[in-house]
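Q: predicted model follows, preceded by the sequence.
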Amino acid sequence: MTRTEVASALGGVFASLPEASARGLPVYRGKVRDVVSGRDALLLVASDRISAFDKVLSTVPFKGEVLSRVSAWWFERCSDILPNHLLPGGGPASLGLGRATLVRKARMLPVEVVVRGYLAGSAWRDYRAGLAVSGIALPAGLARNERFPVPIITPSTKEDGGHDRPVSGAEIVSSGLVDAELWREVEKAALALFRRGQAIAAESGLILVDTKYEFGVEGGRLVLADELHSPDSSRYWWADSYERLFFEGADQRELDKEPFRRWLAERGFAGEGPVPEIPDSVRAETAWRYIQAYEAITSENFSSIGSDPQSEAELAARIVSERLL
């Protein structure tokens, strides 16, 4: 896909799943995903909404399709580590709807599990301010974007409104959010998934810097849910320039939506106050970065499975009728 094709799609974004497509079933709308709830399964439809600083701000063409297809690609490569919630025939390619996945219902754990391999992002901001990172007191003298000797787990709570709250693993257990035995299983699975992700990313010349996992319990077993190693849930850098840029103290070459967040921050927006007007040029460039991420991660050329928002909504309605009702 070319930059011109991306720019020409700015007016045809999939902003949200129409209520009619749910065929009367309940719909939960998150920042990005619209979730249709059937008796035993869920249809996750990733919209083209883009959020930053926990706020939905605009739309980016092809974004939802990239997220769903990248996650399905990773689910397939990590299923031996931990079962995931994807139903047989429930992937985007099988459904014929690139932005959708059909999944089992699970009792979701009330925490997001962030694994970090490098001192970057919010972890660096907290460290620079002299704060612990999710209860972890890091040693003095670390530099921005420095690699940790071993990855660390920095969870956060899931908040219905406002910003998610960093929390330590010990606090998760002591507060009863997750019992001790299950939390040990979560930590073990998260680190194993992250190691697998880093190894596969390295084969494509990428560094998986950090990522967010969500887990649930289904049929008495721990399962991986939501998304996996996508450009929204993960930070990627290009490996070939990491050492040079690190020693120069320069920004890394990124393959995620961090430049979009930085564009907002440069204009004084970090989640509060008026949102700056986001021009089409920024939306198109952000969409192009998502497509670049898809191609770099999967080593496949991106060609959209979708056609137009109306046709995709009609297909979603048919999937709901055939698989959820």
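A: Great, that's in hand. Numbers count the residues shown, from 1 in each chain.

Q: other residues contacting the longest helix seen in the chain?
A: For the chain, the longest helix by residue count, based on DSSP state H, is helix 180-203. Contacting residues not belonging to helix 180-203 are listed as 74, 77-78, 81-82, 109, 113, 115, 117, 151, 153, 169, 172-173, 178, 207-208, 211, 213, 215, 217, 222, 224, 228-229, 234, 236, 239, 297 [Cβ atoms under 8 Å, 6 or more residues apart in numbering]. (Each C-beta comes from the backbone N, C-alpha and C, glycine too.)

Q: ok now it, how far from the chain's centre?
A: Chain-centre distance of helix 180-203: 16 Å, with Cα atoms, centre = their mean, to the nearest Å.

Q: before we move on, what about stretch 309-321?
A: On Cα atoms, centre = their mean, the centre of stretch 309-321 falls 23 Å from that of its chain.

Q: how about that stretch: buried residues?
A: Buried residues in stretch 309-321, counted by 16 or more other Cβ atoms under 10 Å: Pro309, Glu312, Ala313, Leu315, Ala316, Ala317, Ile319, Val320.

Q: can I get that stretch in CSV? Just the C-alpha atoms.
A: Provided in CSV are the C-alpha atoms of stretch 309-321 (Å, rounded to 0.1, in the frame of the first residue of the first chain):
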residue,chain,number,x,y,z
PRO,A,309,-17.4,1.2,6.3
GLN,A,310,-20.9,0.3,5.2
SER,A,311,-19.9,-3.0,3.7
GLU,A,312,-17.8,-3.8,6.8
ALA,A,313,-20.8,-3.0,9.1
GLU,A,314,-23.0,-5.3,7.0
LEU,A,315,-20.5,-8.1,7.2
ALA,A,316,-20.2,-7.6,11.0
ALA,A,317,-24.0,-7.9,11.2
ARG,A,318,-23.9,-11.1,9.3
ILE,A,319,-21.2,-12.5,11.6
VAL,A,320,-23.3,-11.6,14.6
SER,A,321,-26.4,-13.3,13.2
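
Q: show me the helices in this protein, by range?
A: 3-8, 63-78, 92-95, 121-128, 169-174, 180-203, 242-248, 258-266, 280-298, 309-319.

Q: could you identify which of those helices is most buried?
A: With neighbours taken as mean count of other Cβ atoms under 10 Å, those reach their highest mean count in helix 63-78, at a mean of 24.

Q: so which of the helices of the chain gets nearest Leu17?
A: helix 309-319 (6.0 Å; Cβ to Cβ).

Q: for that closest one, packing partners?
A: strand 41-46, strand 100-104 (3 or more Cβ pairs under 8 Å, 6 or more residues apart in numbering; DSSP states H and E).

Q: for these, which one sits closest to Leu25?
A: Nearest to Leu25, of those and by Cβ to Cβ, is strand 41-46 at 8.7 Å.

Q: and the angle from the closest one to helix 63-78?
A: Counting by axes from the mean of the first three to the mean of the last three Cα atoms, to 10 degrees, strand 41-46 lies at 130 degrees to helix 63-78.

Q: now strand 41-46: mean pLDDT?
A: Average pLDDT, strand 41-46: 98.

Q: picking that back up, next, give me the two most distant ones among the buried residues of stretch 309-321.
A: Within the buried residues of stretch 309-321, Pro309 and Val320 form the most distant pair, 16.3 Å apart (Cβ to Cβ).

Q: dump the helices and strands packed on helix 309-319 into JSON lines; add mean neighbour count as well.
A: Formatted as JSON lines, the helices and strands packed on helix 309-319 follow (neighbours: other Cβ atoms under 10 Å):
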{"stretch": "strand 41-46", "mean neighbour count": "24"}
{"stretch": "strand 100-104", "mean neighbour count": "24"}
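
Q: please consider this matter closed, and thank you.
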